[in-house]
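> structure of the sequence below:
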Amino acid sequence: MTNESIIKAILKINPTAEVSVSGNDINTIEWHNGTTPISKADIQAQFPIVEFDRAMADLRSKRDRLLAASDWTQLPDTTLTNTQKQSWMQYRTELRNITDGLSTVEDVNGVSFPVKPN
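Coordinates of the predicted model:
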């Protein structure tokens with residue numbers, strides 16, 4: 001795990017924790033300013049959640065870029081036909097719903113993005 005992942009796992013348990021980690025090593029955690037230490041087992045139990053959160057953030061970022069790139073299709077002065085506009089609306093709905101029902105990193109990694117209309 002990276003330093004960032006270790007710290008995020010700690011912050012899942014104690015959002016106000018003040019810690020530092022070096023060398024991507026959970027054994028090097030230093031607790032600062034009176035932060036109560038958390039067991040390594042409890043920190044490690046948060047790793048799958050941190051990994052899922054990261055995967056979802058990456059997925060949402062890609063989805064948001066695709067939505068932004070297709071905003072023009074919904075403007076009133078677009079030259080698209082009504083049929084084309086409907087196709088783009090369906091595509092955008094599928095993008096917005098792409099995170100529905102995802103509960104594991106495997107689910108997130110298995111997402112197939114909808115095909116952009118012509």
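> can you give me the helices for this protein?
3-13, 40-45, 47-69, 82-96, 105-109 (DSSP state H).
> which one of those is the most hemmed in?
Comparing the helices of the chain by mean neighbour count (mean count of other Cβ atoms under 10 Å), helix 3-13 comes out on top with a mean of 18. Backbone N, C-alpha and C define where each C-beta goes, glycine included.
> what does it contact?
Around helix 3-13, the neighbours that count as contacts under Cβ atoms under 8 Å, 6 or more residues apart in numbering are 1, 17, 19, 21-24, 26, 29, 38, 42-44, 46-47, 49-51, 53-54.
> and if you look at stretch 102-109?
Taking Cβ under 8 Å, 6+ apart as the criterion, the residues outside stretch 102-109 that touch it are Pro48, Glu51, Phe52, Ala55, Met56, Asp58, Leu59, Gly101, Val111.
> can you do 7 Å?
Here stretch 102-109 makes contact (Cβ atoms under 7 Å, 6 or more residues apart in numbering) with Glu51, Phe52, Ala55, Met56, Leu59.
> quick check, nearest of those to Glu94?
Taking Cβ to Cβ as the measure, Glu94 lies nearest Leu59 of the contacts of stretch 102-109, at 13.4 Å.
> correct me, but the closest one touches Phe113?
No: because the distance of 9.4 Å does not satisfy Cβ atoms under 7 Å, Leu59 is recorded as not touching Phe113.
> give me the low-pLDDT residue ranges for this protein?
For the chain, applying pLDDT under 70 flags no range at all.
> can we see that at 90?
Counting by pLDDT under 90, the chain shows low-confidence ranges at 1, 118.
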